[in-house]
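Peer 1: Sequence first, predicted model second:
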Amino acid sequence: MSSLQTQEYALATTQWKSTANIVVQLQSGLSIAHFPLEFLRHGGDHSWTYILYVLKELLDFNETETWTVINQNAKSIDPSELPIEGYYRLVVEGEDIRR
């Protein structure tokens, strides 16, 4: 039986240090995802669609929960638009977005 070796990966924010980031936070202010803009631009899918896909894979939502990502003006992002540097908040339906 062969032994398994631990594999380590560098975070995208480490590899793309000199770029602007998109930071997604929970209502509490806890940052849950950082996306370097240069990483997105060079990765082939430079849209919010990709970011939303990654968030869905990272988080444990049940099938009945509805969620979105809002900008600093509390406006939902458009998945087809290009991401812009800044802080965004993940909102689950029914939570108070003013917290």
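Peer 2: Arrived safely. Numbering: from 1, shown residues only.
Peer 1: so how far is Pro83 from Pro36?
Peer 2: Between Pro36 and Pro83 the distance is 11 Å, computed by Cβ to Cβ, to the nearest Å. (Glycine included, C-beta is placed from N, CA and C.)
Peer 1: repeat for Thr19
Peer 2: Distance, Thr19 to Pro83, by Cβ to Cβ: 12 Å.
Peer 1: So which of these two has more stuff around it?
Peer 2: Higher neighbour count among Thr19 and Pro83: Pro83, with 21 against 17, using other Cβ atoms under 10 Å.
Peer 1: Quick check: closest non-adjacent residue to the more buried one.
Peer 2: Ile22 (5.1 Å; Cβ to Cβ, 6 or more residues apart in numbering).
Peer 1: try Thr49
Peer 2: In space, and not counting its chain neighbours, Thr49 is closest to Pro79: 4.7 Å by Cβ to Cβ, 6+ apart.
Peer 1: Please look at that neighbour and Tyr50 and confirm they touch.
Peer 2: No. Assessed by Cβ atoms under 8 Å, Pro79 is found out of contact with Tyr50, at 9.2 Å.
Peer 1: can you list the weak-confidence ranges in this structure?
Peer 2: Along the chain, the parts satisfying pLDDT under 70 run over 1-4, 7, 9-18, 94-99.
Peer 1: If we use 50, what do you get?
Peer 2: For the chain, the stretches with pLDDT under 50 are 96-99.
Peer 1: what's the spacing between the residue nearest in space to the middle of it and Leu90?
Peer 2: With distances taken as Cα atoms, centre = their mean, Ala33 lies nearest the centre of the chain, 4.4 Å away. Separation of Ala33 from Leu90 (Cβ to Cβ): 9 Å.
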